[in-house]
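> all I have is the shape, not the residue letters:
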Ligand code: OOG
Ligand code: NI
């Protein structure tokens, strides 16, 4: 039996989940509560895909140098994941930029949607020259892939599928890269120096590998999960990131339990008693992918919301209910009705022929075909990330030290792509293509010439 790229991705996500559950028991608690919520009203759901909706949807790693990113691209390519989108996080005071490795075809996504938010340290954002030099020095000798893993990548990267033996070996070797190392390679003074520069720098530079820092299953009711986390002794972040709860969900809503303070050792174990905060668990709920027009509206409303929240007194802000009400108010300007969203071109849709008999009434006008029910529409799910939400997740999980640090945005997509060794794909274009293709298929079925 051969293993396809989609199979390998699913196996990888599942192996990662098992490993992370062992490393971080709280993550197991999160998976349990998510499963309870997802299955609460679903006794009658027989579709196994629906039943297992809590399989992990994404994870995240932070890399130190461009070569690591380039090899990671080749490894993820074996699992059918390609770099999509560029995220500049310097605007939020974080010295990293990132992409999302994910599958791009609807068929692959439906088989397994696992993706990895992968960030790369921005050396040029470390302003202290001595610290930057030290970081570069430490990273220059770091090897995050086993040599067997590198051999397997070389051997398998021109194949479409793999023997089950080779797939098993690859998974085993690849997991080593994502594993937690309790002891840092550096001494405690060096760790502290990097920690003072920025907690992210310490998390990236001091360890032997880019430990997976969270995994994220999908939950049906994120509000309920927030309450349940508290009840089961996990400490959730104050607010859910992203848009408010809507009848027609858009983009991505996410929340997490805060990173644990874990015991670490320094100097390969000879110095003990260190503490490090990096690893957490997250949950997400995905809605429809927005067009650039819809996204502009979303960004604008978020900006207004953040401004108004900033103007509030600290007592008012202290209640998370207050913030969520304010967010809800702000988003009253975003249509919460599928026909309106479609008509105004705010989101991407998958079209299908619902009722061919009524086509003749419309003279082939697409809006009319939708209005009279000839063509049915289904929103396309958002498969990417949101930079402001990501910044919120980063920030709540690396300690408050850098919560206030301000930087002006300083995107450098070219440098990122040079490191990666290819261009990142444009997420809007991918959704647009899926929409276009589905519409062309409808018109062909209805024998309407596209105008
Ligand atoms: C990544 C944070 C971003 C998300 O869901 O937005 C992310 C990190 O903390 O490394 O995973
Ligand atoms: Ni995440």
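It's in. Predicted, not measured: the structure shown is a model, and the values here were computed from it. Ligands and ions are numbered 1, 2, ... in the order given.
> stretch 409-425: end-to-end distance?
21 Å (Cα to Cα, to the nearest Å).
> that one: how far from the chain's middle?
Between the centre of stretch 409-425 and the centre of its chain there are 18 Å (Cα atoms, centre = their mean, to the nearest Å).
> ok, and what's touching the helix or strand hosting residue 192?
In the assignment (DSSP states H and E), residue 192 maps to helix 188-197. With Cβ atoms under 8 Å, 6 or more residues apart in numbering as the test, helix 188-197 has contacts from 126, 128, 131, 134-135, 138, 184, 186, 201-202, 205-206, 266-267, 271, 274. Backbone N, C-alpha and C define where each C-beta goes, glycine included.
> by neighbours, which of those wins?
Using other Cβ atoms under 10 Å as the neighbour test, the contacts of helix 188-197 are led by residue 205, with 29 neighbours.
> count the residues that sit near the one residue in the stretch 101-250 of the chain that gets nearest to ligand 1.
Residue of the stretch 101-250 of the chain nearest ligand 1, by Cβ to the nearest ligand atom: residue 117 (4.0 Å). For residue 117, the neighbour count with other Cβ under 10 Å is 24.
> so is it in a helix, a strand, or just coil?
Secondary structure, DSSP: H, G, I helix; E, B strand; the rest coil: residue 117 is strand.
> what does residue 215 give?
Put simply, residue 215 is strand when judged by three-state DSSP.
> OK, contacts around residue 210?
Contacts of residue 210 by Cβ under 8 Å, 6+ apart are 61, 62, 63, 64, 68, 144, 177, 178, 204.
> kindly report the same for residue 223.
Residue 223 neighbours (Cβ under 8 Å, 6+ apart): 240, 245.
> ok, now how distant is it from residue 287?
In this view, residue 223 and residue 287 are 14 Å apart by Cβ to Cβ, to the nearest Å.
> re the thing from before, the closest residue to the residue of the stretch 101-250 of the chain closest to ligand 1 other than its chain neighbours bridge partners, please.
Spatial nearest neighbour of residue 117, chain neighbours left out: residue 60 (4.1 Å); criterion: Cβ to Cβ, 6 or more residues apart in numbering. In this entry, residue 60 is beta-bridged to residue 117, residue 214, by DSSP bridges.
> near ligand 2, which residues of this protein?
Contacts of the chain with ligand 2, taken as Cβ under 5 Å from the ion, map to 216, 282.
> where do the strands sit along the chain?
2-4, 56-63, 82-88, 96-102, 115-121, 161-163, 214-217, 252-257, 261-266, 271-277, 281-286, 349-353, 375-379 (DSSP state E).
> any idea of the mean pLDDT in the longest one?
Spelled out, that is strand 56-63. For strand 56-63, mean pLDDT rounds to 94.
> could you do the fifth one as well?
Strand 115-121 shows an average pLDDT of 98 in the prediction.
> any idea how far residue 87 is from residue 239?
Counting by Cβ to Cβ, the gap from residue 87 to residue 239 is 20 Å.
> what residue ranges in the stretch 51-200 of the chain score low on pLDDT?
Within the stretch 51-200 of the chain, the stretches with pLDDT under 70 are 51-54.
> what does the nearest residue to residue 77 once chain neighbours are set aside show for phi and psi?
Leaving aside its sequence neighbours, residue 77 sits nearest to residue 157 (Cβ to Cβ, 6+ apart; 6.6 Å). Per-residue torsions, residue 157: phi -70, psi -10 (degrees, to the nearest 10).
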